[in-house]
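Visitor: just the structure for this:
(one chain, ligands or ions: 1)
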Amino acid sequence: MDIQRVGVVGCGLMGAGIAQCAAESGFEVWIKEADEALLDRGLARIAGTWDRAVAKGKATEAQREEWRRRLHGTLAFDDLASCNLVVEAIPERLDLKLQAFTHLDQVLGPEAILCTNTSSLSVAQLSPVLALQRLSRLAGLHFFNPVPAMPLVEVVRTLATGAETLADLQAFVKALGKTPVLAPDAPGFIVNRLLVPYLLDAMRCAEQRLATVEDLDMGMKLGCGHPMGPLHLSDFIGLDTMQSVAEVLFEAFGEPRFKAPALLRQLVAAGRLGRKTGSGFYCWEGEKRLEAMPL
Ligand SMILES: NC(=O)c1ccc[n+]([C@@H]2O[C@H](COP(=O)([O-])OP(=O)(O)OC[C@H]3O[C@@H](n4cnc5c(N)ncnc54)[C@H](O)[C@@H]3O)[C@@H](O)[C@H]2O)c1
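Guide: Below you'll find the predicted structure:
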């Protein structure tokens, strides 16, 4: 299928990034929000990114006009009716996603592909509200944060996802200038399944005073060539998010390596959630990481 018109549901952190990348890559994009103020705020954030790109000489004014022309905001599912592909990026709640998928299945054409950007829910759990013939066109499309900067997208297949759908999605991801990897519809997909135990292990090392927070991070950064150490990265992701992802994976696999360490729970309970609250393993000033905080 020739994907030309892309729908995005949710204009938050991830949806806005996905819509921005799709518009920049030549797709006509309809982004659907739940309320007008949030839609305006999300669109203004995208417009601000484009303005800064022009100011820095990374894009021309003509490009910015072209991108703006391709991006359409809406509050109605009906406006997504002509889309060949819709990516849902609303909050991580099954009830909300089921409602959205019920609407989408009704308004979309029979050939349209329907994807979720979920990080932790099973993609197949969305099947019951879809028509039987849609099931081969249901998949996960898991983008990473921040979407415009992160080059990977996990293309998640359920047992019903069709080969054509997977090929279309891989081509779409490449058209965004990103790299697709095929992942099974299993908790954590590929990246979080491998990354999360590593991050939790680093927390256990800090908890057992194996080394200082700075030295644990420096060891992995310089010793393994990672762009940032595991505790720094956990602060960046958000320690509350880390805790909930660990809970989902521990529930699914029951293996101790997925269990949230006591230190993580204590930090979350203390409101030290990482960068977003100004403290976690480190002290933060906006985007800037300062010294490690006492544990
Ligand atoms: N934040 C991350 O780092 C990250 C990374 C990968 C995947 N994800 C996944 O992406 C999804 C979205 O996460 P986010 O961080 O962008 O959330 P967010 O809270 O920033 O944005 C969600 C948006 O969806 C809107 N929304 C809710 N119901 C809606 C509806 N019926 N129609 C249209 N819009 C609706 C909300 O108003 C909100 O603006 C989640 O499933 C999350 O697990 C998040």
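Visitor: quick one, strands of the stretch 151-295 of the chain?
Guide: According to DSSP state E, counting those that start in this stretch, the stretch 151-295 of the chain carries its strands in the segments 152-157, 179-184, 282-285, 288-292.
Visitor: contacts for the helix or strand bottoming out on mean pLDDT in the chain, please.
Guide: For the chain, using mean pLDDT, DSSP states H and E, the weakest element among its helices and strands is helix 239-253, scoring a mean of 94. By CB atoms under 8 Å, 6 or more residues apart in numbering, the surrounding residues in contact with helix 239-253 are 119-120, 186-188, 192-193, 196, 199-200, 234, 258-260, 264-265, 267-268, 272-274, 280. C-beta: built from backbone N, CA, C; applies to glycine.
Visitor: ok, which of these also contact the ligand?
Guide: Ser119 (CB under 6 Å from any ligand atom).
Visitor: contacts only, for Asp168.
Guide: By CB under 8 Å, 6+ apart, Asp168 lies in contact with 1, 3, 85, 113.
Visitor: quick check, pLDDT for it.
Guide: On pLDDT, Asp168 comes in at 98.
Visitor: buried residues, stretch 152-162. List them.
Guide: By 16 or more other CB atoms under 10 Å, the buried positions in stretch 152-162 come out as 153-158, 160-161.
Visitor: and the strands in the stretch 1-150 of the chain?
Guide: Under DSSP E, counting those that start in this stretch, the stretch 1-150 of the chain gives strands at 5-9, 28-32, 71-74, 85-88, 113-116, 138-143.
Visitor: so what strands line up beside the fifth one?
Guide: Going back to what we said before, that points to strand 113-116. Using DSSP bridges, strand 113-116 pairs in its sheet with strand 85-88 (parallel), strand 138-143 (parallel).
Visitor: let me see the domain layout of the protein.
Guide: Following automatic domain parsing, one finds the domains of the chain at 5-184, 191-285.
Visitor: quick check: mean pLDDT of stretch 43-57?
Guide: 97.
Visitor: so what's Ala89 up against?
Guide: Residues near Ala89 by CB under 8 Å, 6+ apart: 8-10, 12, 14-15, 18, 117, 143.
Visitor: burial of the residue nearest to it when sequence neighbours are not counted, as a residue count?
Guide: Leaving aside its sequence neighbours, Ala89 sits nearest to Gly15 (CB to CB, 6 or more residues apart in numbering; 3.6 Å). Using other CB atoms under 10 Å, Gly15 is surrounded by 23 other residues.
Visitor: pLDDT at Gly15, what is it?
Guide: 97.
Visitor: check whether it really touches Gly7, as I assumed.
Guide: No - with contact defined as CB atoms under 8 Å, Gly15 does not count as touching Gly7 (10.3 Å).
Visitor: who touches both of the two?
Guide: Common neighbours of Gly15 and Gly7 (CB under 8 Å, 6+ apart) are 31, 87.
Visitor: picking that back up, reformat the buried residues of stretch 152-162 as TSV; add distance to Lys288 and pLDDT.
Guide: Converted to TSV, the buried residues of stretch 152-162 look like this (distance: CB to CB, whole Å; pLDDT from 0 to 100):
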residue	distance to Lys288	pLDDT
Val153	29	98
Glu154	30	98
Val155	35	98
Val156	34	98
Arg157	40	98
Thr158	41	98
Ala160	46	98
Thr161	42	98
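Visitor: need the contact list for the residue of the stretch 1-150 of the chain found nearest the ligand.
Guide: Per CB to the nearest ligand atom, Gly12 is where the stretch 1-150 of the chain lies closest to the ligand, at 1.8 Å. Gly12 is in contact with 38, 42, 89-91, counting by CB under 8 Å, 6+ apart.
Visitor: what residues does the stretch 101-250 of the chain have near the ligand?
Guide: 117-119, 143, 145.
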